[in-house]
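Asker: Show me how the following folds:
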Amino acid sequence: GDLGDGTPSVEEAIDELGATPDPTPASLDADEWPRSVSGSPETIASVLTQLADRIGVDEVMVQHTAPDHDDALASHALLAEAVGLDSQN
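Answerer: A predicted model of the protein is given here:
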């Protein structure tokens, strides 16, 4: 349902997309720039590293669209671990 912040439920998002998206490959083509990334923490870390290297940045901001706050925090913690950072809970 509507949480008042514009974030759809998982079911609403899947319905809008037409299906559950396939996980993103851990290795991107040279000219590939995905609009969103999904998969294991290691896959996401790999994709973000590749994209950051391409444009020469040393910082990346991640926006989770999980409707449940605790799920979003857990996802951030898993990604932080995969890139070698200590998560801050």
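
Asker: Contact partners for residue 14?
Answerer: residue 20 (CB atoms under 8 Å, 6 or more residues apart in numbering). The way it works is simple: take the backbone N, C-alpha and C, and place the C-beta from them, glycine included.

Asker: what element comes up after the helix or strand hosting it heading to the C-terminus?
Answerer: Using DSSP states H and E, residue 14 sits within helix 10-17. Using DSSP H and E, the next helix or strand after helix 10-17 towards the C-terminus is helix 41-55.

Asker: In terms of secondary structure, what does that following helix contact?
Answerer: Where contact means 3 or more CB pairs under 8 Å, 6 or more residues apart in numbering; DSSP states H and E, helix 41-55 is packed against helix 69-82.

Asker: next one: phi and psi at the residue nearest to the spatial centre of the chain?
Answerer: Taking CA atoms, centre = their mean, the centroid of the chain lies closest to residue 37, which sits 4.8 Å from it. With angles defined as degrees, to the nearest 10, residue 37 sits at phi -130, psi 130.

Asker: any idea of the angle the helix holding residue 14 forms with helix 69-82?
Answerer: Interaxial angle, helix 10-17 versus helix 69-82 (axes from the mean of the first three to the mean of the last three CA atoms, to 10 degrees): 70 degrees.

Asker: got any ranges where this protein has weak pLDDT?
Answerer: 1-5, 87-89 (pLDDT under 70).

Asker: Just to check, residue 7 is in contact with residue 64?
Answerer: No - if you go by CB atoms under 8 Å, residue 7 and residue 64 don't touch, sitting 9.7 Å apart.

Asker: follow-up on the earlier one: just give me how far the helix holding residue 14 sits from the chain centre.
Answerer: 16 Å (CA atoms, centre = their mean, to the nearest Å).

Asker: Using PDB, write down the CA coordinates of that helix.
Answerer: Taking Å, rounded to 0.1, in the frame of the first residue of the first chain, the C-alpha atoms of helix 10-17 are listed here in PDB:
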ATOM      1  CA  VAL A  10       7.200  -4.800  -3.400                       C
ATOM      2  CA  GLU A  11       4.100  -6.200  -5.100                       C
ATOM      3  CA  GLU A  12       3.300  -2.800  -6.600                       C
ATOM      4  CA  ALA A  13       6.800  -2.400  -7.900                       C
ATOM      5  CA  ILE A  14       6.800  -5.900  -9.500                       C
ATOM      6  CA  ASP A  15       3.400  -5.200 -11.100                       C
ATOM      7  CA  GLU A  16       4.700  -1.800 -12.500                       C
ATOM      8  CA  LEU A  17       7.800  -3.500 -13.900                       C
END
